[in-house]
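Asks: return atomic coordinates for the entry below.
(chains A and B)
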Amino acid sequence: DAGVIQSPRHEVTEMGQEVTLRCKPISGHNSLFWYRQTMMRGLELLIYFNNNVPIDDSGMPEDRFSAKMPNASFSTLKIQPSEPRDSAVYFCASIRTGGESEQFFGPGTRLTVL
Amino acid sequence: SQQGEEDPQALSIQEGENATMNCSYKTSINNLQWYRQNSGRGLVHLILIRSNEREKHSGRLRVTLDTSKKSSSLLITASRAADTASYFCATDHTGNQFYFGTGTSLTVIP
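Replies: Okay, the predicted model is just below:
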């Protein structure tokens, strides 16, 4: 199994541009999580999906952030417009259907907004 | 915030010594998990302890849980240089509601 796949691994963009981060969870996993990690705030849960349905998006910082999961094998996190304070590492994680709540993390996307 | 707190924030030890890090949380949990993160990588699950368990072992890892004190500890015995990483606790409160702690940065000196 390839594990959780995220793309791109690195993204550098200018303030005001739209950014789209992508995630492919492990096959058979029915819950998917988006996290943001910074030195100042640590690891923050942004949103999570269960069976492709958003369950809790209370961690999404503001309306500039949106997430979708059109099917069980793909999710996106979009920031529009991006701001320098959005610079962080964004992780996607998934949980196996019917298993314990052990999360499998992707390698992350390092976003830099200039 | 329900974010957990790890203690200490940073720990530096000699290879072969034991490393102990602690985690405290605020509200009741279903389970508590420990994760490891190497620099520039994603988090990797190490061990899970349920709320009705008090101690669990996995290889050189020993985890304890005290629900009355809302705290957990992770002990790594006979540390190796390869154990150098950041360690996070994560609390599962209401099924799939996870809160990660602030992390302990462990350095093992060869």
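
Asks: distance check, A:Gly106 against chain B.
Replies: In this structure, A:Gly106 and chain B are 6 Å apart, going by C-beta to the nearest C-beta, to the nearest Å. To be clear about C-beta, it is placed using only N, CA and C from the backbone, and glycine gets the same treatment.

Asks: what's the burial count for that residue?
Replies: Burial of A:Gly106 is recorded as 25 neighbouring residues (other C-beta atoms under 10 Å in any protein chain shown).

Asks: what's the answer for A:Ser7, then?
Replies: Look at A:Ser7: counted by other C-beta under 10 Å, it has 13 neighbours.

Asks: quick check, it in contact with A:Thr109.
Replies: Yes - proximity of A:Ser7 to A:Thr109 meets the contact threshold set by C-beta atoms under 8 Å, at 7.3 Å.

Asks: what touches both of those two?
Replies: Both A:Ser7 and A:Thr109 are contacted by A:Leu21, under the criterion C-beta atoms under 8 Å, 6 or more residues apart in numbering or on different chains.

Asks: give me the nearest residue to the residue of chain B most remote from its centre, chain neighbours excluded.
Replies: When distances to the mean C-alpha position of chain B are computed (C-alpha atoms, centre = their mean), the maximum falls on B:Pro110, with 22.1 Å. Counting by C-beta to C-beta, 6 or more residues apart in numbering or on different chains, B:Ala81 is the residue found nearest to B:Pro110 once chain neighbours are left out, at 4.6 Å.

Asks: residues in contact with the one you found?
Replies: Under the criterion of C-beta under 8 Å, 6+ apart, the neighbours of B:Ala81 are B:Glu15, B:Val108, B:Ile109, B:Pro110.
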